[in-house]
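*Asks:* what shape does this take:
(one chain, ligands or ions: 1)
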Amino acid sequence: MALWDSRFKKSLDEVALKFSASIDIDGKLFNEEIDGSKAHVQMLMKQKIISFNDGKAILKALEEIRKEISLGKLKYDWRKEDIHTLIEERLVEKIGERGKRLHTARSRNDQVALAERLYMRKEITRLIKLTRALQKTLLNKAERHKDTIISGYTHLQRAQPLLFAHHLLAYISMLERDVERLNDCLKRANKSPLGAAALAGTTLPVDRKYTAKLLGMNGVVENSLDAVSDRDVMIELISVCSIIMMHLSRLSEELVLWSSQEFSFAAFDDSFSTGSSLMPQKKNPDIAELIRGKVGRVYGSLFGLLTIMKALPLAYNRDMQEDKVHLFEAVDTTKDCLHLTSELLSRTHFNKERFEKELDGGLLLSTELVDYLVRKKIPFRKAHNIVGQVVAKCVDQNKKLSELSFKEYQKISPKFGKDIFKLLTSRSSVENKKSLGSTSSKEVEKQIQFWKKKLNKLVIRIEKRRS
Ligand code: ARG
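*Replies:* As a prediction, the model looks like this:
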C-alpha cells in the first residue's frame with residue numbers, strides 16, 4: 001500500500017517500486033523527519049486543525065518510533081518507498097486513525113525540503129567544528145615552527161625564504177574563509193519550507209512562522225513554489241565542501257611531496273603510513289593521497305546535483321529525489337577528510353634541519369639584492385637587471401651569492417657596498433621583511449596571536465551552541 005494508491009486500478013510494479021524507492025539513502029534523515037513532523041503537529045494543535053489529544057498521541061508515538069529506529073528495531077524496508085512513508089505507516093500501525101492526521105496540510109514535497117534543511121543545518125555546524133579543529137592543529141604546528149626557515153616556492157621552483165609557520169598560517173586563513181562561507185550558507189539553509197504543501201500552499205489555517213520558530217529556524221522560505229522546488233542552498237553547501245576539499249588537496253599534495261625521499265621534509269607517523277605488498281622498504285603516504293583523491297567524489301557531487309537541477313521545470317520533480325545521494329556524499333567525505341587531515345598533520349614530523357639545508361645552495365636571496373639597490377635609489381627594473389647579471393655569474397661559476405667577491409659585485413655595479421654580505425642569509429631575508437602579513441618573525445607572531453585569540457574564543461562558542 002502506497003500513500004497515494006487509491007486512484008489506481010493496479011499497484012505499482014515491483015520493479016518500478018524498487019527503482020523509485022529511496023529509503024536506503026534518505027533513511028539517514030529519520031531524526032530530521034521526526035523533528036519536522038513534531039513541530040508540524042504542534043502547529044496543527046495550536047491552530048486547532050487537529051485536536052489536542054490526537055496531537056499528543058502522535059507526538060508520543062513519533063518519539064517511540066525514533067527510539068525504534070535508533071535501536072534498529074524498525075527495519076528499513078524498500079517497499080515503504082522512503083523514510084517519510086515508513087514513519088507515517090508505522091505511526092498509523094501504532095495509534096490507528098489518529099496517526100492519519102499527521103499529514104494534514106503537508107506534502108512530502110515540503111516535508112522532504114524541510115528534512116534536508118534541518119540536516120544541512122546540523123552538518124554545517126559539524127563542518128565548522130571540524131574546520132576549526134584543523135585550524136587549531138595547523139596553529140599548534142605553526143607555533144612549534146616559528147623558527148624554522150624553509151624555501152618558499154613559486155612554480156615549484158625555489159623562490160624566497162619563509163618561516164614554516166607562515167606557510168602553515170596561510171592554510172588557516174584559507175580555512176577561515178571556508179568557515180565564513182559555511183556560516184553564510186547556514187543563514188540561507190536555516191529557513192523553513194514547511195506549509196508550502198505540494199506547491200501552492202494550503203486552504204487550512206497553518207502558521208508557518210510558528211513551525212519555523214519551534215524548529216529554531218530564522219524564518220520561512222516564503223514563496224511556496226520556491227520552497228519546494230529549490231535546491232540551490234544544497235548546491236551552495238556542496239560548493240563550499242568542494243572549496244574545502246580543494247584546500248585540503250593542496251595541503252595533501254605538499255605532504256605527499258615533502259614526505260618523498262627527494263624532499264624528506266616531512267615524515268608521517270607509522271600509524272598513518274602504509275607499506276607495499278611487494279616492496280618491503282616502502283612507506284607510503286596513502287592517507288594524504290586518499291584525501292587528495294577523494295576530492296573527485298565531492299566535485300562529482302557538485303556536478304551531479306547541478307546536472308539534476310539544470311532545466312527542471314517548477315515545481316517538484318521526482319528527479320530531485322536524487323539530490324540526497326550527492327548531498328550526503330559531499331558532506332560525509334568532507335567531514336572525514338577534515339578530520340583525517342587534522343589527525344595526519346598532528347602526527348607528522350617536520351624536519352627543521354632538512355628544510356634549512358635546502359636553503360644553502362640556492363640563489364633565493366637574490367631579491368634581497370634587488371631591494372638593496374632600490375634602497376640606493378636605482379629604479380626597480382634596472383636593479384632587477386643588475387642582480388640578474390650577478391645570478392648569471394653565480395650560475396656560471398657554480399657559486400652562492402655570498403661566495404662572489406666584493407670586487408666582482410662592484411664590477412657589475414658600483415652601487416654594491418660591503419654591507420650586502422650581511423643581507424645574504426636566510427634569517428636576515430626573513431627578518432628584514434617589513435610589510436604587513438609578511439614572513440618576518442614579528443608579523444608571523446602577530447598572526448599567531450591573532451589566531452590563538454580567535455580560535456579559542458570561537459571553539460567555546462560552537463561548543464556552547466551544541467550543548
Ligand atoms: N522520496 C521523495 C524525495 O525525496 C519524496 C517526495 C515524493 N514526492 C512526490 N511528489 N512523489 O524526493
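
*Asks:* need the residues of this structure near the ligand, please.
*Replies:* 22, 26, 82, 108-109, 112, 316, 318, 320-321 (CB under 6 Å from any ligand atom). For every residue, glycine as well, the C-beta is placed using N, CA and C.

*Asks:* between these, which sits nearest residue 155?
*Replies:* For residue 155, the nearest member of the residues of the chain next to the ligand is residue 320. The distance, counting by CB to CB, is 44.3 Å.

*Asks:* which residues touch that closest one?
*Replies:* 229, 231, 308-309, 312 (CB atoms under 8 Å, 6 or more residues apart in numbering).

*Asks:* in TSV: these, plus pLDDT.
*Replies:* Formatted as TSV, the contacts of residue 320 follow (pLDDT from 0 to 100):
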residue	pLDDT
229	97
231	98
308	98
309	98
312	98
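
*Asks:* what about those, which one has the most neighbours?
*Replies:* residue 229 (22 neighbours; other CB atoms under 10 Å).

*Asks:* which residues of the stretch 301-450 of the chain fall in strands?
*Replies:* Secondary structure of the stretch 301-450 of the chain (DSSP state E, counting those that start in this stretch): strands at 348-350.

*Asks:* okay if I get the residues of the chain next to the ligand as TSV plus pLDDT?
*Replies:* Converted to TSV, those look like this (pLDDT from 0 to 100):
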residue	pLDDT
22	97
26	98
82	96
108	97
109	97
112	98
316	97
318	97
320	98
321	98
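
*Asks:* check the contacts of residue 320 and tell me the two furthest apart.
*Replies:* The widest separation within the contacts of residue 320 (CB to CB) is 12.2 Å, between 229 and 308.

*Asks:* I'd assumed residue 103 was in contact with residue 202.
*Replies:* No. Contact criterion CB atoms under 8 Å: residue 202 and residue 103 do not qualify, at 11.5 Å.

*Asks:* gap between the closest residue to the ligand within the stretch 201-350 of the chain and residue 308?
*Replies:* Relative to the ligand, the nearest point of the stretch 201-350 of the chain is residue 321 (3.5 Å; CB to the nearest ligand atom). Distance, residue 321 to residue 308, by CB to CB, to the nearest Å: 9 Å.

*Asks:* what kind of secondary structure is the closest residue to residue 35 other than its chain neighbours in?
*Replies:* Excluding the flanking residues, the one nearest residue 35 by CB to CB, 6 or more residues apart in numbering is residue 118, at 6.1 Å. Local secondary structure at residue 118 is given as helix here, using DSSP: H, G, I helix; E, B strand; the rest coil.

*Asks:* and residue 118, how many neighbours?
*Replies:* 23.

*Asks:* same thing with residue 10?
*Replies:* 6.

*Asks:* in a helix, it, correct?
*Replies:* No. Counting by three-state DSSP, residue 10 is not part of a helix but coil.

*Asks:* where's it relative to the ligand, distance?
*Replies:* 18 Å (CB to the nearest ligand atom, to the nearest Å).

*Asks:* can you tell me how far residue 418 is from residue 405?
*Replies:* From residue 418 over to residue 405 (counting by CB to CB), the distance is 11 Å.

*Asks:* likewise residue 113?
*Replies:* To residue 405, residue 113 is 76 Å away according to CB to CB.

*Asks:* which of those two has more neighbours?
*Replies:* residue 113 (28 against 9).

*Asks:* what's the pLDDT at that one?
*Replies:* Model confidence at residue 113, given as pLDDT, is 98.

*Asks:* and the one 10 residues further on, by the same measure?
*Replies:* If you check residue 123, the pLDDT there is 98.

*Asks:* hmm, it is touching residue 330, no?
*Replies:* No. Under the criterion of CB under 8 Å, residue 123 is not in contact with residue 330, lying 9.7 Å apart.

*Asks:* overlap of the contact sets of these two?
*Replies:* residue 237.

*Asks:* okay, these two: which has more neighbours?
*Replies:* Between residue 123 and residue 330, counted using other CB under 10 Å, the more crowded position is residue 330 (28 against 22).

*Asks:* skip the chain neighbours and tell me the closest residue to residue 257.
*Replies:* Per CB to CB, 6+ apart, closest to residue 257 is residue 263, 5.9 Å.

*Asks:* and the gap between that neighbour and residue 371?
*Replies:* Counting by CB to CB - residue 263 and residue 371 are separated by 28 Å.

*Asks:* for residue 156, same thing?
*Replies:* Distance from residue 156 to residue 371, by CB to CB: 24 Å.

*Asks:* those two: which is more packed in?
*Replies:* Neighbour count, other CB under 10 Å: between residue 156 and residue 371, residue 371 has more, with 17 against 7.

*Asks:* which residues touch the residue nearest to residue 35?
*Replies:* Here residue 118 is in contact with 32, 35-36, 215 (criterion: CB under 8 Å, 6+ apart).

*Asks:* which of those has the most neighbours?
*Replies:* Neighbour max across the contacts of residue 118 (other CB under 10 Å) = residue 36, 28 neighbours.

*Asks:* let me know the closest of the contacts of residue 118 to residue 288.
*Replies:* residue 32 (33.7 Å).

*Asks:* per-residue pLDDT of the closest one, please?
*Replies:* Reading off the model, residue 32 has pLDDT 98.

*Asks:* next one: residue 1
*Replies:* Looking at residue 1, its pLDDT reads 65.

*Asks:* distance of the residue nearest to residue 421 when sequence neighbours are not counted from the ligand?
*Replies:* Nearest-residue entry for residue 421: residue 402, 6.3 Å, with adjacent residues in sequence omitted and distances by CB to CB, 6+ apart. According to CB to the nearest ligand atom, residue 402 stands 68 Å off from the ligand.

*Asks:* can you tell me which residues contact residue 402?
*Replies:* 365, 421, 424-425 are the contacts of residue 402 under CB under 8 Å, 6+ apart.

*Asks:* which residue of the chain lies farthest from its centroid?
*Replies:* What lies farthest from the middle of the chain is residue 407; by CA atoms, centre = their mean that is 55.7 Å.

*Asks:* what's the closest non-adjacent residue to residue 122?
*Replies:* Per CB to CB, 6+ apart, closest to residue 122 is residue 32, 7.5 Å.
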